[in-house]
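Enquirer: sequence isn't available, so here's the structure alone:
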């Protein structure tokens, strides 16, 4: 037992303790070309690096998923009850919905809501600034984590924690702060989930370490090693932060694994393989001892305390998992093949091979962050369908490197470097586990944002590698190597942040990185369609469909564009194929109905509309189009019923209200038209259209004064862009009302706005002839 308790530090390495104002130093990182700073100035340096690399993203727009999470999410609006945030997913949909991705992140949505409220609306700058600051704070806290991982927990002569391994910790923190892989999490507003999760993840870890310091905080020059007691209060605070982290992003639960690994490997310095009798004990172990460690009790109380802590950790993890499962409705999310094709590969061997290939790619983009894309689905990474695929070599390389690291960490006497390496691997792997497809299918192929926490482990491996090179090749100057790496990472982060400013820049960059990604070209097509570049949009949609012949959304959008160009036959073919691929695609069924109506196929159109409503019962636009179809078929009451359903589902459906008033007016049901028109006016008090429609009804009922008031109100609400038709109909009203002067002025104003209006010219001529005859008589 005495020998086991010598796994501390030699006296020669404790010289930093003689002054409490001198940072704790370890010889192994003295080769790094960085100053040995106190924690506060080091934190300031790290924060500046973190903010500087991503600061240019504060001018960015809402891009990619931001639109759905921010602009289309009613949970951000003050009229939505706060309680809805805890029963909705990240995108504002009900968690028990079949289409929900089950991404339960209410605390992240709550911060979006605060941003929305404080900014007075969906203005992206404030959202981006919060993300940048959060990344800076996470990077600073990571500095403390790196110190604990690389040097352990130590007190100075006054009982205060020391900043251990200051050079290595600073190097790791700077690399973490500037790594380009973080761009999606920082520049993309939805990446706040990762930032908040990481912030609370680290706080949970630090609280856990503090809970183990019960025996250490009251002593000077003490090293945290095999504590026999722990603080329940700090442990509970760690659990709270863990739970809050999970409410920001699902990865937060992995902090339990990191706490466990740190407790076993660094705090208690347990050789797990030897404990499991998988490795023989050696007499000449290269163990380092410190005075504080030699005074440790040789009883087994430390092991009992370790087991109790792990029992509590297991209970915490189980409670969080059960709660999360119940919140999800006790059902996993459902993803389609194109979301994650590698998880649908037939055969356990090939599927495992595909998963490992994805792991290799994740490691590769950590090493080479020039190869980044906002989306990696739909053909970006073709599946491996044969053992003869040359990409199997990447899997072999991955496991050779991993085996070498594991061998270096586990074989032989376990010293400080082995513990550092083991913790680096834990930080690299454990936070990634929820995205690994091992426990459940995920809805993506590769997602750069899920590597946010794993980057910490990568940074430790890089810094340890640099130190190892310097120690082995003393003539090598690692200064240039480290500075070059920092410069490259900073340049790439700034460049990548610029790409995340606008959707066009982001999608164009994605097309260069992943030219086989149908979704990238689909997004470029959609954006060009919104900008009015129809031919470019059509070209991109066709390319997306050629890359993925079953891309139903691209077929739907392309069909809409072709319909607008009058190419209804081709549009019908595309939309029919879309609903064949996805029979519950309600939007495609509705669009197919519109095209069939244009092709004079009313019965088929009616059937398509009913199919859309069968798959989406609350579909106001479909009811509106169905009403238009019934109007063309002469089924007036059916049309009115359909439009009424549209307004019941969507009270602000102005076109449905207008159509009801106009139809009732045309079929001489003026009283009903008046009632509907007044309902519309109440709902749209600042829109000229309902007033104009109601004015026409009043005029037809010979209620001239009321009609005049509504016409004038409609004209007033039109502002600087009045419609000629309003003046034309007002002129007809005055004409019938026997007010020739007012009628002439209204007609003249209508002609001023639309000189080509033949009807107004005729009405004006009739007015002048009539009253010129009256004047002569």
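Expert: That came through, no problem. The shown structure was predicted, so the numbers you read here are calculated from the model rather than taken from an experiment.

Enquirer: can you give me the end-to-end span of stretch 408-419?
Expert: End-to-end distance of stretch 408-419: 10 Å, with Cα to Cα, to the nearest Å as the criterion.

Enquirer: that stretch: how far from the chain's middle?
Expert: 39 Å (Cα atoms, centre = their mean, to the nearest Å).

Enquirer: all further residue positions should be reported with the first residue as 789.
Expert: That works, and once the first residue is 789, the last one we named lands at stretch 1196-1207.

Enquirer: and that stretch, which residues are buried?
Expert: Residues of stretch 1196-1207 classed as buried under the neighbour-count rule (16 or more other Cβ atoms under 10 Å) are 1197-1198, 1202, 1204, 1206-1207. Using the backbone N, CA and C atoms, a C-beta is placed for each residue, glycine as well.

Enquirer: any low-confidence regions in this protein?
Expert: Confidence mapping of the chain against pLDDT under 70 gives the ranges 789-815, 886, 947, 1005-1010, 1064-1087, 1561-1565.

Enquirer: any idea which residue is closest to the centre of it?
Expert: The structure's the chain has its C-alpha centroid closest to residue 978; by Cα atoms, centre = their mean the separation is 3.5 Å.

Enquirer: need the contact list for that residue.
Expert: Contact analysis of residue 978 by Cβ atoms under 8 Å, 6 or more residues apart in numbering lists 852-854, 857-858, 878.

Enquirer: residue 1025 too?
Expert: If you count contacts by Cβ under 8 Å, 6+ apart, residue 1025 has them with 995, 999.

Enquirer: which element is residue 1531 on?
Expert: For residue 1531, the enclosing helix or strand under DSSP states H and E is helix 1528-1541.

Enquirer: what's around residue 885, how many residues?
Expert: Number of residues near residue 885 (other Cβ atoms under 10 Å) recorded here: 12.

Enquirer: any figure for the gap between it and residue 1119?
Expert: 11 Å (Cβ to Cβ, to the nearest Å).

Enquirer: and residue 1337, which of the three is it?
Expert: Under DSSP: H, G, I helix; E, B strand; the rest coil, the three-state class of residue 1337 is coil.

Enquirer: how long is stretch 1531-1550 from one end to the other?
Expert: Start to finish, the residues bounding stretch 1531-1550 are 13 Å apart (Cα to Cα).

Enquirer: what are the contacting residues of that stretch?
Expert: 1510-1513, 1515-1516, 1518-1523, 1525, 1551-1552, 1555-1556.

Enquirer: change it to 6 Å
Expert: 1512, 1515-1516, 1518-1519, 1522-1523, 1552, 1555 (Cβ atoms under 6 Å, 6 or more residues apart in numbering).

Enquirer: equivalent analysis for stretch 867-876, please.
Expert: For stretch 867-876, using Cβ under 6 Å, 6+ apart, the contacting residues are 862-863, 894, 897-898.

Enquirer: I'd like to know which of these is nearest to residue 1378.
Expert: When the contacts of stretch 867-876 are compared for distance to residue 1378, the smallest value, 22.1 Å, is given by residue 862; criterion: Cβ to Cβ.

Enquirer: so which residues of the stretch 789-938 of the chain form helices?
Expert: With DSSP state H, counting those that start in this stretch as the definition, the stretch 789-938 of the chain shows helices at residue ranges 827-842, 854, 894-907, 912-939.
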